[in-house]
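Undergrad: coords please:
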Amino acid sequence: MCRCLRIQPSCFYSRLKAPLSKRAQKDARQTELLKEAWVESGKVYGHRKLHDDLLEQGEDVCLNRAALRA
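TA: Residues are numbered from 1 along each chain as shown. Presented below is the predicted three-dimensional model:
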């Protein structure tokens with residue numbers, strides 16, 4: 001795989017061990033919140049209502065990011 005991507009194996013393995021960025025951590029947390037809100041809604045809410053639920057919980061998320069993860 002490293003040969004196809006033209007990267008060094010050491011670079012690939014160091015990236016695997018690196019912690020997630022703050023943005024990736026925030027995305028993961030908000031994705032879980034979206035899933036919980038969707039299940040609580042009976043799996044019928046769309047991305048607009050899920051976005052509103054996150055805003056009510058104090059999360060700052062734009063509608064487009066909520067739509068991509070919903």
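Undergrad: what residues are up against the spatially most central residue of the chain?
TA: With the centre of the chain defined as its mean C-alpha position, the nearest residue by Cα atoms, centre = their mean is residue 27, 3.2 Å away. Contacts for residue 27 were tallied using Cβ atoms under 8 Å, 6 or more residues apart in numbering; they are 65, 69. Backbone N, C-alpha and C define where each C-beta goes, glycine included.
Undergrad: ditto for residue 28
TA: Taking Cβ under 8 Å, 6+ apart as the contact definition, residue 28 lies against residue 20.
Undergrad: Can you name the residues in contact with stretch 51-61?
TA: With Cβ under 8 Å, 6+ apart as the criterion, stretch 51-61 contacts 30, 33, 34, 37, 45, 63, 66, 67.
Undergrad: tell me which residues in that stretch are buried?
TA: 51, 53, 54, 61 (16 or more other Cβ atoms under 10 Å).
Undergrad: before we move on, the earlier item: mind listing what's buried along the helix or strand encompassing the residue nearest to the centre of the chain?
TA: Residue 27 is part of helix 22-40, with elements assigned from DSSP states H and E. For helix 22-40, the neighbour count (16+ other Cβ under 10 Å) marks 27, 30, 33, 34, 37, 38 as buried.
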